[in-house]
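Trainee: Sequence plus the predicted model coming up.
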Amino acid sequence: MADSITLRPAEKTDIEGMIEILSELLTLENEVVDEAAIGRGFEMLMNDPQRYCIYIAEQDGKIVGMCQAQSLVSVDEGARVAYVENMIVKGELRSSGVGAKLLSAVEDCCRASGHIRIHLLVLEKNQGGIKFYSRNGWKKDTHVYMDKEL
């Protein structure tokens, strides 16, 4: 099944399908799904091609996976770093290798565009996700994620 899947950089015309797949991730994380806000977010991000790397996985013309990273500047390092904000593969295709290919494509995209490091956050309760990232060369660090509404 995974051999019928193609990976490619996302385009603005993919936003509707990316909203649909991202909604699945947000539901898994017990987050609020606001499709209008997600659409605005993708529009804002994709207006500046230097700010993002997004790859999608397609099967029969339908988006079945997505990995999205965006660019930040590390003042400490004087260089660009990337942040993987969203990574999702449809449930029936998990553990098929699609996620690893998406992640690798985004890593390559970030490396090619001059980023020196890439990081992400994963929910502590998402042990499957933590194992996935570990298998793909990612390591836990000692930072604590904190959040505040503005």
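Mentor: On my side now, so go ahead.
Trainee: lowest confidence element among the helices and strands of this structure?
Mentor: Here the helix or strand of the chain ranked lowest by mean pLDDT, DSSP states H and E is helix 15-28, holding a mean of 88.
Trainee: Mind listing what's buried along it?
Mentor: Within helix 15-28, the residues that qualify as buried are 15, 17-19, 21-23, 26, counting by 16 or more other CB atoms under 10 Å. Where C-beta positions appear, they are placed from N, C-alpha and C, glycine not excepted.
Trainee: Format those residues as a markdown table; extra columns: distance to residue 72.
Mentor: Below are the buried residues of helix 15-28 laid out as a markdown table (distance: CB to CB, whole Å):
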| residue | distance to residue 72 |
| --- | --- |
| 15 | 22 |
| 17 | 26 |
| 18 | 21 |
| 19 | 23 |
| 21 | 24 |
| 22 | 20 |
| 23 | 25 |
| 26 | 22 |
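Trainee: longest single strand anywhere in this structure?
Mentor: strand 62-74 (DSSP state E).
Trainee: Distance from that one to the middle of the chain?
Mentor: The chain centroid and the centroid of strand 62-74 are separated by 4 Å, computed with CA atoms, centre = their mean, to the nearest Å.
Trainee: Can you give me the buried ones in that strand?
Mentor: 63-71.
Trainee: Equivalent analysis for stretch 131-142, please.
Mentor: Quick answer for stretch 131-142 (16+ other CB under 10 Å): 132-133, 138.
Trainee: quick one, strands of the protein?
Mentor: 6-9, 52-59, 62-74, 79-89, 115-120.
Trainee: Which one, of these, ends up nearest to residue 105?
Mentor: Closest approach to residue 105 among the strands of the chain (CB to CB): strand 52-59, 4.3 Å.
Trainee: Sheet-wise, list the partners of that closest one with their directions.
Mentor: With DSSP bridges as the test, strand 52-59 is paired with strand 6-9 (antiparallel), strand 62-74 (antiparallel).
Trainee: Tell me what angle it forms with strand 115-120.
Mentor: Orientation check (axes from the mean of the first three to the mean of the last three CA atoms, to 10 degrees): strand 52-59 against strand 115-120 gives 60 degrees.
Trainee: Specify the beta-bridge partners of residue 67.
Mentor: residue 55, residue 87.
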